[in-house]
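K.L.:
Fold the following for me, if possible:
(3 chains)
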Amino acid sequence: MTQALPHDLGPAAAEPIRAERGESLLRRRLSAYFDTPLAFVGAGLLVLLLVVAIAAPWIAPQNPYDLAQLDIMDGRLAPGEKAAAGFTYYLGTDEQGRDMLSAILYGLRISLFVGVVSTLFACTIGASIGVAAAYAGGKVESFVMRVVDLQLSFPAILIALVLLAVWGRGIDKVIIALVIVQWAYYARTVRGSALVERGREYIEAARCLALPRSRIVFRHLLPNCLPPLIVVATVQVAHAIALEATLSFLGVGVPVTEPSLGLLIKNGYDYLLSGKYWISTYPGVALVIAIVAINLVGDRLRDVLNPRLSR
Amino acid sequence: MSPVLEVRDLAVSFGTREGAVRAVDGVSLTVKRGEVLGLVGESGSGKSVTGLSIMGLIDAPGRITAGSIKFEGRELVGLPEKELRTLRGRRIAMIFQDPMTTLNPVLRVDTQMIEAIRAHEAVSEKAARDRAARALARVGIPSPEERLQSYPHQFSGGMRQRVAIAIALLHGPALLVADEPTTALDVTIQAQILAEVQQLCAETGTALVWVTHDLAVVAGLADRIAVMYAGRIVEDGPVDGVLDSPRHPYTAGLIGSVPSRNRRGSPLAQIPGMTPSLANLPPGCAFAPRCPRADAACRIEAPPLLAETGGRAFRCIHPLTAEGVAA
Amino acid sequence: MLVYFIRRLGQAALVVAVMGAIVFVSIYMVGNPVDVLANPNADAKEMAEIAGRLGLDKPLHEQFALFVWNALHGDLGRSFVFNEPALKLIIQRMPATLELAFAALIVSVLIGIPLGMLAGLWPHSVWGRGIMTGSILGFSLPNFWIGLMLILLFAVQLRWLPSGGRGETVTVLGVPVSFLTVDGLRHLVLPAFTLALYKAALVIRLARAGTREAMLQDYVRFARAKGLSPSRIILVHVLKNIMIPITTVLGLEFGGMIAFAVVTETVFAYPGMGKLLIDSIGRLDRPIIVAYLMMVVVVFVVINFVVDLIYAALDPRVRLSEQGS
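P.N.:
Numbering: from 1, shown residues only, chains lettered A, B, ... in the order given. Coordinates of the predicted model:
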């Protein structure tokens, strides 16, 4: 699932980004981004989902985890049916009489949180290791890349599954597992572009100025490796969300008290065969919309940020 | 005798983001049976595109926009792909520049030869194989039966080009278009291949269009020369006449930049400036910005093709005379 | 060639050894299976008895030494739950998983190559774009949910196909297989298709990129100049060239398919190794988890070997340079 690296993404930055040009460059790229309607739809959907997820406690019709609000008599109602209290369940209810719409809003919140936070950590850690390895070169680099290759040769799902099987459930544990399985992608991506950048004159110049190594690596080298990293990270958020959903579906992900979309789908799985499709289907639709929106944005970013393609 | 190939006012455009670019603009050529035409020009002059047009191998975004290509009296422009295909490889053949890439690396040589035979003739696998072996022998490849079983990478560059030539001549075509087939080879191999192609074509009466940037190659090979610059033919005529007394300053420049024993010690002449981009050609004569003889008149209107006695023609309003070369 | 072979074998053994150590330590260091296995009312004495019987009272390094010794004799421990050799349980389930993975592999090639070549030949057409969009979806949509939706559509709504299980099997050479019976095939369709989707998306991309590249090559132009038909050029000249990277990648990804079958088998209640793994994780049945992981490591290493061989068989350039050395 998470093995998808954009294959056509090479070391991209042909022009070093300088700090003073940063703003105009950003603006130029932003306006380029919105050139296609699909990218516009993707960005719009993504913003909508983020707002809805953050605002879930205020806009959800009920708090799905406040047992006092649930009525077991409303269990497994089909979409559109009304509660005993006159309240309409637009997306139906689960076996405990929980409003699916509310559960999905809360679940989306957890799914997006896990996806974004794990990606941020994995990206920071992986990029730092990758750029440092590329700058150091020699044995350090080849050792780090060996580890990266070895890890990437095993499916992410399997590594995460084993880690969580050992640690047990928990949002924090899921995030750590996702960071562990994902850092290697970023390390490899950044190293690829850092290798190209390392040979350029501005690094040579920084070296001649006898700047401290850490400053060269993190202030000069890393910023110029950012464009491909941003693309990979964007798409990787979607993969992190899908992976978390898969793990939760397998029963090793988030705890039952804090169900993500994946866990909601798992809960509905038992009722699927009896035709109560909505408990599994609607959380899945929310998941798919989130993933597609992120991919649309990532796809467009790849075109905009890759100077090789924008020729 | 009617010509094998008659190209009239051919124009080929390539659609790009900046608009259509005319890679070939008003090219006319005539090739008689068994004749060798040297089509000379720098890269980007449109000589390869002209060769591909004759084969009907111009792909999108390229398009033949005007003109006619008559082959053995038959109009090729607008001919359905299916009918073009029956001509390709049978009546008109082509060989390409880089012998390392023209043969499919993952197919054995026999596969690539037999398919070429059976694409046009319903013969048995066995008969086709025998013919392939004979064709290899004819281009000077030793123990052809064994070599048929080889993959292309087991041949040297020169040998591969020989295989390509053998394939091209399998059906004894009336015309062979050779797109710089010796450029990628060593000089000694180059000479061998040149001689062999010349001989093979002479044997079968195959006419030859030899596309090259190298005047020296053409000098010993061709009967006629057509010099292309920026998509147009700027000079056309029998090889001796053109080389001895070029009319167009560009041709003269090309000749001057070929190293020669007679002029040892004196600096090589160079054509100043760069080949113009086809996307924004200057008005008037495309060569004017680089031409020592150009004046204001050259920059107003593109000069027409002026015919001369002796089957010569050129596109210049200030042509050189016979003494002009020495100057 | 022999030196190369032996060195590769050494590397492979090293990988297995290192992964074995990592797997063992990470699985055995955490959690106490006695808590799961013992009667909740059991007292400390009973707990110690169970631990002693399972060898859990010894220090970790002794447990590891014992594990390595036994592993070298083909003994990866006994399942706490089934009280049977873990390896035997895994191997019993293996044919089902391999069958599923192979079926998925075939499906992904049958879907991926034609679609990818179409998209490569006409990259800017509606079809080309549609196929690429589909492949992005195949890559990024959660596979288990697609499986669920297929169950909902084909098993629950249309009632064309069974929703889970393996169906009727016949024994061939002592191995139960289901692809030889109609019922078995019907059970195989949905899981194989689901498992194939992700790889099909990958194959589409590879085939598309390969076709686009090949169509620009001189050998295609030369083939056209020979007067070959488009079908011959595409089905022989182009296909043969793109099969090289596709075979390599698919081979390397076969291990990933076996691993990912964990998800598919869970969705379709398909009795393979993956389902056993998930069940064992739930029961903290460590020997089975370890045995499964060791099995996967070995499968990965073997696959790398086999892929090298197939690669050499497909690409004459590799084959000959290997012979030369």
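K.L.:
Could you use CA atoms for every contact and neighbour count after this?
P.N.:
OK.
K.L.:
for stretch C:171-181, which positions count as buried?
P.N.:
For stretch C:171-181, the neighbour count (16 or more other Cα atoms under 10 Å in any protein chain shown) marks C:176, C:177, C:178, C:179 as buried.
K.L.:
What's the end-to-end length of it?
P.N.:
11 Å (Cα to Cα, to the nearest Å).
K.L.:
can you check stretch B:232-244 too?
P.N.:
22 Å.
K.L.:
How about stretch C:110-130?
P.N.:
OK, stretch C:110-130 end separation, Cα to Cα: 18 Å.
K.L.:
Tell me how far residue A:47 lies from residue A:53.
P.N.:
Applying Cα to Cα, the value for residue A:47 to residue A:53 is 10 Å.
K.L.:
which of those two has more neighbours?
P.N.:
For residue A:47 versus residue A:53, the count of surrounding residues by other Cα atoms under 10 Å in any protein chain shown is larger for residue A:53: 22 against 13.
K.L.:
In chain B, where is pLDDT below threshold?
P.N.:
B:1, B:18, B:260-268, B:322-327 (pLDDT under 70).
K.L.:
residue closest to the middle of it?
P.N.:
Nearest residue to the geometric centre of chain B (Cα atoms, centre = their mean): residue B:211, 2.2 Å.
K.L.:
so that one touches residue B:180, yeah?
P.N.:
Yes: in this structure, residue B:211 is within contact of residue B:180 by Cα atoms under 8 Å, at 5.4 Å.
K.L.:
Can you list the buried residues in the longest helix anywhere in chain A?
P.N.:
The single longest helix within chain A, with elements called by DSSP state H, is helix A:100-136. Residues of helix A:100-136 classed as buried: A:100-135 (neighbour count, 16+ other Cα under 10 Å).
K.L.:
Return the distance of it from the chain's centre.
P.N.:
Between the centre of helix A:100-136 and the centre of its chain there are 5 Å (Cα atoms, centre = their mean, to the nearest Å).
K.L.:
what mean pLDDT does it have?
P.N.:
For helix A:100-136, mean pLDDT is 89.
K.L.:
Show me what that helix is packed up against.
P.N.:
Counting contacts by 3 or more Cα pairs under 8 Å, 6 or more residues apart in numbering or on different chains; DSSP states H and E, helix A:100-136 packs against helix A:37-54, helix A:56-59, helix A:138-152, helix A:171-198, helix A:226-249, helix A:261-272, helix A:278-305.
K.L.:
tell me the domain boundaries of chain C?
P.N.:
As given by automatic domain parsing, the domain ranges for chain C are C:1-80+C:287-325, C:90-283.
K.L.:
from the ones you listed, which stretch is densest packed?
P.N.:
Greatest average neighbour count among the domains of chain C goes to domain C:90-283 (a mean of 21), per mean count of other Cα atoms under 10 Å in any protein chain shown.
K.L.:
Distance from the chain centre to it, please.
P.N.:
Worked out by Cα atoms, centre = their mean, domain C:90-283 lies 11 Å from the chain centre.
K.L.:
Surely residue B:249 and residue B:317 touch.
P.N.:
No: the pair residue B:249 / residue B:317 is not scored as a contact, 10.4 Å apart, by Cα under 8 Å.
K.L.:
The two: which has the busier surroundings?
P.N.:
A direct count of neighbours by other Cα under 10 Å for residue B:249 and residue B:317 places residue B:249 higher, at 26 against 19.
K.L.:
Who are the packing partners of the longest helix along chain C?
P.N.:
In chain C, assigned by DSSP H, the helix with the most residues is helix C:86-121. Applying 3+ Cα pairs under 8 Å, 6+ apart, we find helix C:86-121 packed against helix C:126-140, strand C:175-177, helix C:182-215, helix C:239-267, helix C:273-283, helix C:286-314.
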